[in-house]
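Trainee: Have a look at this prediction, sequence included:
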Amino acid sequence: MSNPNQVTAENIDGFNKIRTVRIGTRVRVDCFLQDSEGEWQHVYGGSHPIEAMTGVNQ
């Protein structure tokens, strides 16, 4: 059985990192910013309905 809380995407672009995790019918989005010392600082986190993320009603 697969883990329903598995990371579905992680994208690093320059100094930004975005991680999305599907939790049931919601998607958790966490955004990080890399500081001048190379450490990732959490700047946003929130849980959203899948419909809000895809624009499709399921």
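Mentor: Arrived safely, thanks for sending.
Trainee: For the chain, just list every one of the helices.
Mentor: For the chain, the helices defined by DSSP state H occupy 50-54.
Trainee: low-scoring stretches of it, by residue?
Mentor: 1-7, 54-58 (pLDDT under 70).
Trainee: Residue nearest the middle of it, spatially speaking?
Mentor: Closest to where the C-alpha atoms of the chain average out (C-alpha atoms, centre = their mean) is Thr20, at 2.3 Å.
Trainee: Could you double-check that that one lies in contact with Ala9?
Mentor: Yes: the pair Thr20 and Ala9 passes the contact test of C-beta atoms under 8 Å, sitting 4.7 Å apart. C-beta here means a position set from N, CA and C on the backbone, and glycine is covered the same way.
Trainee: State the distance from the spatially closest residue to Asn16 that is not a sequence neighbour to Val43.
Mentor: Leaving aside its sequence neighbours, Asn16 sits nearest to Leu33 (C-beta to C-beta, 6 or more residues apart in numbering; 6.1 Å). Per C-beta to C-beta, to the nearest Å, Leu33 is found 5 Å from Val43.
Trainee: what about those two, which has more around it?
Mentor: The neighbour comparison of Leu33 against Val43 (other C-beta atoms under 10 Å) goes to Leu33, with 14 against 11.
Trainee: so what's the residue nearest to Asn16 bridging to?
Mentor: Asn16, Gln41 (DSSP bridges).
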